[in-house]
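Peer 1: Sequence plus predicted model, see below.
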Amino acid sequence: MSNAFAQRHIGTDSVAQATMLAHLGYDSIEHLIEAAIPESIHVDRFRAPGTTLLPAPATEREALAELRELASLNTVRRSLIGQGYYDTITPAVIKRNVFENPSWYTAYTPYQPEISQGRLEAIINFQTMVTDLTGLATANGSMLDESTAVVEAMMLARRSSKSSSNVFVVDADTFAQSKSLLAGRVHAMGIELVEVDFAAAATAAGAEGVEIPECFGLLVQYPGASGRIFDPTAVIASAKEMGAIAIVAADLLALTLITSPGELGADVAVGTSQRFGVPMGFGGPHAGYLAVRAGLERSMPGRLVGVSVDANGEPAYRLTLQAREQHIRRDKATSNICTAQVLLAVMAGMYAVYHGPQGLKDIAQEVHSKATALDALLRAGGSELAHEQFFDTLEVRVAGRASVIFDIAKDAGFLLNVVDDDTLRISLDETTTRGEVEAVARFFGETDEYLNAPDALPTALVRTSTYLTHEVFNSYHSETAMMRYLKRLADYDYALDRGMIPLGSCTMKLNAASEMEAVSWPEYAGLHPFAPAGDAAGYLELIAQLEKWLVDVTGYDTVSLQPNAGSQGELAGLLAIRGFHHANGHAQRTVCLIPSSAHGTNAASAVLAGMTVVVVACDEAGNVDLGDLRAKIGAAGEHLAALMITYPSTHGVYEHEVLEITNLVHTAGGQVYVDGANFNALTGFARYGDFGGDVSHLNLHKTFCIPHGGGGPGVGPVAAKAHLAPFLPGHFAMQSSDHVLVLDGVVSTIEHGGYQISAAPYGSPSILPISWAYIRMMGEDGIRAATASAVLAANYMARRLGEYYPVLYTGDSGLVAHECILDVRPLTDATGITVDDVAKRLVDFGFHAPTMSFPVPGTLMIEPTESEDLIEIERFIEAMITIKAEADAVAAGFWPADDNPLVNAPHTAATIAGEWEHPYSRETAVYPFAPGLDAVARTTRIRSKYWPPVRRVDNAFGDRNLVCSCPPPEAFES
Amino acid sequence: MANPQELKYTEEHEWLKVDGDSAVVGITAYAAEKLGDVVYVELPKVGAAVVAGTVVGEIESTKSVGELYAPATGTVLEVNDAVVSNPELVNDDPFGGGWLIKISITDLPALLNADEYTALTGE
C-alpha cells in the first residue's frame, strides 16, 4: 500500500504487523482476515468483478483542495433568519484552546471520573449556567438540539404528570422545526398533539384566563418564533392546576433580560446554547439544554454531572444517576439518548465563563437595542410591525411583498425569514452592526439614520433575579486567565493526545488533524440551516458524495445523514420500518426481537418507535440462539416487525449464521435492523446490505473518525434499502429532496419522505467534512487496511493477554473481531481484586481503562483500534500483566486485601506526599513499571507521567447526595 | 447474611414478616448485595391498592435498578420513610431497618420458607 495518509492513520507498520501475525501463527494479514470474517458474507461474493467501492484515494493536500473547492460553492450571507440559529462570535481563545484542541475533542464520555475532572468541571459549568439562566433546579449536561430536547421534555412530562390525558399542547408560536419534530414523533408513542394560539386565546379570554385543553403537558416558546414575548404565567398556572407539566422553550441570551421560566412557574425549560459562541454550521452540532424544577431530577434524560467525593473525602465530579440510562434500564429507560453534545456544551459554558454575567447581559442588551432601533426605523418608514414586545426578532407585515424584499436583501448579502407572502421575520444577533440595521431598514423603503429607541421588553417580565454569581463566572475574564483555566482543565484529563483509550465498542481511533481542518472554515461554519439551497451548493455536493460513499461501503441503496447521534439513527431506522409496515397495511407488526447481548439502546429505541421488545437468547459462545430465534419468530407470528442485531456482535465475534438469521426474519415478514456500532470491523470486507440488512445506522464518530468530543458530537446516519426510502427522515426545510439512490450500480436520486428526526434538515453538517476527508483519503484499499489492522491488533491483544485473563468469546479459528472481552471474574474470585480495581490501577500506568462490565459484568472489553502502534499496544499489555501479578501478590498475602496498590488506585501526587503508611512503596504506587523496562523508556515514562487529579470517586455518595451545579469554593478547602 | 427463619420469601428476593392479615416487606440481604450500593428507593403511596406480582416500586443502586414487586394482594398501610431518606439502610440492615412497606393482605400467594429461599440462591 502506497497511500501515505493511510500509513499515517494506521499505527502499526508492516514490520510490526509481521511480528504480531507471527505471534498469531499467520503469514499475512489477508490470511488472518480470511480466517476471521466468514467467507459467506464477503463483499466480493456480492459485487460485480472489477468494481471498486470508493474513488481512488486523494492525498491530504488534494483532499483539502477539494474541500476548499466545495467550500467555495457555499455562499455565506448575513443570516437574519433566526428561529433558534443565530450568528455568534466564538471567542478566539475558546476556538483555539477548546474547539481545535485535541485535549478536548479527542476525549471520551467521562465514565472514568478520575481521569475526566477537567471536562466534568466544564460540563458542570454548563449545567450551572443553564440552571441559573432558566431559574430551575437541575440541568443536564446538554441535549442533541433544541427540537429533540422539546420531544424529550414531552416524554418527561408524560412520565411525571399526574394527568391521565394523552394530549400534549403546543403553542402556535413555537419554532416550526420543533412543531414538526413533535408531530412526527407522537404517533409511535400514542400521544395526541394539539396546537393552541396561547397569545390569541389570552387576548380573547381577557381576565377570564386561558382555557387549555385537558393535557399531560404543554409547551410555550419564550420569546416566540414570531419574536413576540408572551407572558406565559397564566398558561403555566392553568397547566399546573390540571396536573400537567409546563415546559418553556427559552432563549438563553434573552433570559439575561427577561424573567426566567423557573420564576414563571415552569416545570421544565429546554432550548439551545448555540448562540453562546458555537457557529451555526448549517444546523449543527450545537448543545441543546434541558432543565427541571426540584423533584423531577430522576426523570431527566441524558447525561448529568454531579459532585461526589473521592477516597480522601475531597470533592470530585462524576456522571450521576447513570442507572436511569438505556444500558441498564433497556426498554424501561427514560430515553434512548445515550450521549450529549459535550464539546459544544463546553464551548457554550466557557462563553459564559469568559463573558461573565455582566458581559452576557451587555451582549443581550446590545442585541435588543439593535432590534428596537430597527423596529423604530421600520415603523418610521411606514412598515407594519406585528408585535410591540420582543427581544431580538421582528415580524413585519409586507402585504404580498415578502419574496420581493427577500430578494432585495439577498442581493445585498442578507437572508431574511419568509413566513408567507405577507410576512417576514428578522432576527438580530451579537454580530449585528448599526450599519447593518440601517441597511436592513432600507430594504423596506426610505428610512432615517440609526436612532436609539426605548426597550421593548414587557415591564412585568424584566428580569430582576441574579445569575452566574458563582466564582467561576467571575474569575476568567482576561484572555490570559481564560487560556490558563482551559489549559488547567485540559491537564486534568486523559484524552487520545496522552495515550491509548482502548474502550471496547467505542472505537477511539485517530481523529487526524487534516480531517478537522475544514470544520472551522467560515464557508462550512457560517451557514444557517434554512439558508436557500443555492447558498449551500457546496454542502449539498459534499453531502451527496458522502451519501454515495456510505452506500458503497454498506451495500444499502440510500442514506440519510440527518440523525445527529447513533441513538437517533437507530430510532429513525425503526420508524422507517414502522412506516413501511403501516403503508403495507400491517400496522399490527409491532414485535421487535432483540438478542440479550444487544446494547440497551436498541430496546429503548424500539419502545420509542412504538414496538414491543421480545428478547432472544444467546448461546454460550455469545451468538444468537437459532432455536430460540425460531421460537420467538413463531410466537410473534403476524406481529413480527423487526429483528435488531449488532454485527459483529457486541461480544466482539463474527457470527457465522448471520445469513440464516436474516433469512428467517424475512421469511416471516419481518425487517432486519443491523446495528452498525461495530461496522469498523467489516468496513471494506463485508456489507450489511449484502447479507440481509434492510436498514442500519452507522456511527460516523466511531468508524469514520469524527472525534468523540468528550461525549458528543456524533452523527448517526441511517442507511437503508430502497423500499424504506419513503420512510427515512424528511424535513420541511430540506434544501434538496434528492438523496443518492444506487440500484444495481446505477446512481439516481430518491426522496426521503419520513418524519423528521433532528432539528435541522441535515442534522450536524459542519462535522461531515471530517468523515468525508477520512473516506476520501483512505479509499477502498486504505479502509480495508484499517479494518484488517484493527482486527489484527485486537487478536494480538487477545492472544497475549489471554494467558492472564481468559478471553470470554472467540469465533471460528479462535479469533475475535475488532475487540476482545477479558474475563476478570476468575481473578476476582481468586484474589478479591475487582474489575474496578484493575480499571483504576490502569490510570497509575497512564492508561484510560477499557470498557468495564459491558456487555458482560465483571469483564473488560478492549478495542485497540488500527491507530495504535505496537509500542503503545505492548505498553498496555505490560501494564495488564503487571496488574495480574499485583493481584496474585494480594492473593498470596504479600499485601493485605484492603491496602494494596490495586484497591488504593489511582494514586494522586498528593497521596505520595507526606506520611506514607502503606505496605508498598511510593514508587510502586505511582511508577508501576515492569522490572525489565530499559532505562531510557523508564525515564521518559517518569517524566511524562499522567497524574490523576483525584483519588477514586465514591459513586454511591454522589447518587445519594445529588448536587449538579458548581459547588461553592469552600467545598475545596482541605 | 443468614436468611431469618421466621420470615417468608419470594422468588423475587423479597421477604415478608406476616402478622395476621398484614405483612412487612423488604428485600433480602442477597438481593441487596447483588444490587450494590442502593442510592434511591421509590415506594408506593400509603393507601394504594397493590396486586401480587405487579411492580409497585423501584430500588436503584449505582449500577442497576431493581423493581419492587407486591408479594401479596392488598393495600399499602405504611412505607418506610427512613429508607427513602437513607437508602443505604437497605444495604446495612436489609432484614430490619431497611424494610420497605407494610401491606394489608387480602390474598397471600404461596411463599418460600427460609431454607427453600436459601436453596434458591445457592448460598
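Peer 2: Arrived safely, thanks for sending.
Peer 1: Residue 86: neighbour count?
Peer 2: Looking at chain A here, since you left the chain open. A:Tyr86 has 26 neighbouring residues, counting by other C-beta atoms under 10 Å in any protein chain shown. Backbone N, C-alpha and C define where each C-beta goes, glycine included.
Peer 1: To clarify, I was referring to chain B.
Peer 2: Counted with other C-beta under 10 Å, B:Asn86 comes out at 16.
Peer 1: which residues of chain B fall in strands?
Peer 2: B:8-9, B:14-19, B:22-27, B:38-42, B:49-50, B:55-61, B:65-69, B:73-79, B:101-107 (DSSP state E).
Peer 1: Which one of those lies nearest to A:Ser737?
Peer 2: Evaluated with C-beta to C-beta, the strands of chain B place strand B:65-69 nearest to A:Ser737, the distance being 43.3 Å.
Peer 1: Report the contact partners of the residue lying closest to A:Glu430 once chain neighbours are set aside.
Peer 2: The spatially closest residue to A:Glu430, leaving aside those adjacent along the chain, is A:Ile363, at 5.1 Å (C-beta to C-beta, 6 or more residues apart in numbering or on different chains). Applying C-beta atoms under 8 Å, 6 or more residues apart in numbering or on different chains to A:Ile363 gives the contacts A:Leu253, A:Thr256, A:His355, A:Glu430.
Peer 1: Which secondary structure elements does the helix or strand of chain A with the lowest mean pLDDT sit against?
Peer 2: For chain A, counting by mean pLDDT, DSSP states H and E, helix A:326-329 ranks last in confidence among helices and strands (a mean of 73). If contacts are counted by 3 or more C-beta pairs under 8 Å, 6 or more residues apart in numbering or on different chains; DSSP states H and E, helix A:326-329 sits against helix A:600-608.
Peer 1: what helix or strand is A:Thr372 on?
Peer 2: helix A:342-380 (DSSP states H and E).
Peer 1: Which element is encountered next along the chain beyond that helix?
Peer 2: strand A:384-385.
Peer 1: so how far is that following strand off the chain centroid?
Peer 2: 41 Å (C-alpha atoms, centre = their mean, to the nearest Å).
Peer 1: Check which element follows it along the chain.
Peer 2: Scanning forward in sequence from strand A:384-385 by DSSP H and E, the next helix or strand is strand A:393-397.
Peer 1: Could you check that next one and say which residues are buried?
Peer 2: Within strand A:393-397, the residues that count as buried by 16 or more other C-beta atoms under 10 Å in any protein chain shown are A:Thr393, A:Leu394, A:Glu395, A:Val396.
Peer 1: Burial check on the residue lying closest to A:Val835 once chain neighbours are set aside, number of neighbours?
Peer 2: Leaving aside its chain neighbours, A:Val835 sits nearest to A:Val824 (4.4 Å; criterion: C-beta to C-beta, 6+ apart). Here the count is done by other C-beta under 10 Å, and A:Val824 has 28 residues near it.
Peer 1: Looks like A:Val824 contacts A:Asp836 (just checking).
Peer 2: No. Using C-beta atoms under 8 Å as the test, A:Val824 is too far from A:Asp836 to be in contact (9.4 Å).
Peer 1: ok, which residues in chain B are in contact with chain A?
Peer 2: For chain B, the contact set with chain A under C-beta under 8 Å from any C-beta of the partner chain comprises B:Asp37, B:Val39, B:Tyr40, B:Glu60, B:Ser61, B:Thr62, B:Lys63, B:Ser64, B:Val65, B:Pro87, B:Glu88.
Peer 1: out of those, which are buried?
Peer 2: Applying 16+ other C-beta under 10 Å to the residues of chain B next to chain A flags B:Asp37, B:Val39, B:Tyr40, B:Glu60, B:Ser61, B:Thr62, B:Lys63, B:Val65, B:Pro87, B:Glu88 as buried.
Peer 1: Tell me who's in contact with the residue of the stretch 201-350 of chain A found nearest chain B.
Peer 2: Per C-beta to the nearest C-beta, A:Ala323 is where the stretch 201-350 of chain A lies closest to chain B, at 5.0 Å. The contact partners of A:Ala323, taken as C-beta under 8 Å, 6+ apart, are A:Arg329, A:Asp959, B:Val39, B:Glu60, B:Ser61, B:Thr62, B:Lys63, B:Ser64, B:Val65.
Peer 1: what's near enough to touch the spatially most central residue of chain B?
Peer 2: Nearest to the mean C-alpha position of chain B, by C-alpha atoms, centre = their mean, lies B:Gly26 at 2.3 Å. Counting by C-beta under 8 Å, 6+ apart, B:Gly26 makes contact with B:Glu14, B:Trp15, B:Val90, B:Pro94, B:Phe95, B:Gly98, B:Trp99, B:Leu100.
Peer 1: quick one: pLDDT of residue 101?
Peer 2: Reading this off chain A. Per-residue confidence (pLDDT) for A:Asn101: 98.
Peer 1: oops, chain B please
Peer 2: 96.
Peer 1: that older thread, next up, the contacts around the residue nearest to A:Val835.
Peer 2: By C-beta under 8 Å, 6+ apart, the residues touching A:Val824 are A:Tyr805, A:Thr834, A:Val835, A:Val838, A:Gly858, A:Thr859, A:Leu860.
Peer 1: ok so, going back, format the strands of chain B as a markdown table; extra columns: distance to A:Ser142.
Peer 2: Output for the strands of chain B, formatted as a markdown table (distance: least, C-beta to C-beta, whole Å):
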| stretch | distance to A:Ser142 |
| --- | --- |
| strand B:8-9 | 45 |
| strand B:14-19 | 39 |
| strand B:22-27 | 35 |
| strand B:38-42 | 23 |
| strand B:49-50 | 39 |
| strand B:55-61 | 23 |
| strand B:65-69 | 24 |
| strand B:73-79 | 36 |
| strand B:101-107 | 38 |
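Peer 1: Quick one, which of those gets closest to A:Gly693.
Peer 2: Nearest of these (C-beta to C-beta): strand B:65-69, 32.0 Å.
Peer 1: tell me the contacts of residue 73?
Peer 2: Assuming you mean chain A. A:Leu73 is in contact with A:Ala537, A:Gly538, A:Glu541, counting by C-beta under 8 Å, 6+ apart.
Peer 1: meant chain B, my bad for not saying
Peer 2: B:Val50, B:Val51, B:Ala52, B:Ile105, B:Thr106, B:Asp107, B:Leu108.
Peer 1: Repeat that for A:Glu446.
Peer 2: Residues near A:Glu446 by C-beta under 8 Å, 6+ apart: A:Gly381.
Peer 1: Roughly how far does it sit from A:Glu438?
Peer 2: A:Glu446 sits 12 Å away from A:Glu438, taking C-beta to C-beta, to the nearest Å as the criterion.
Peer 1: circling back: need the max-distance pair from the contacts of A:Val824.
Peer 2: Across the contacts of A:Val824, the longest distance by C-beta to C-beta is 13.0 Å; it joins A:Tyr805 and A:Thr834.
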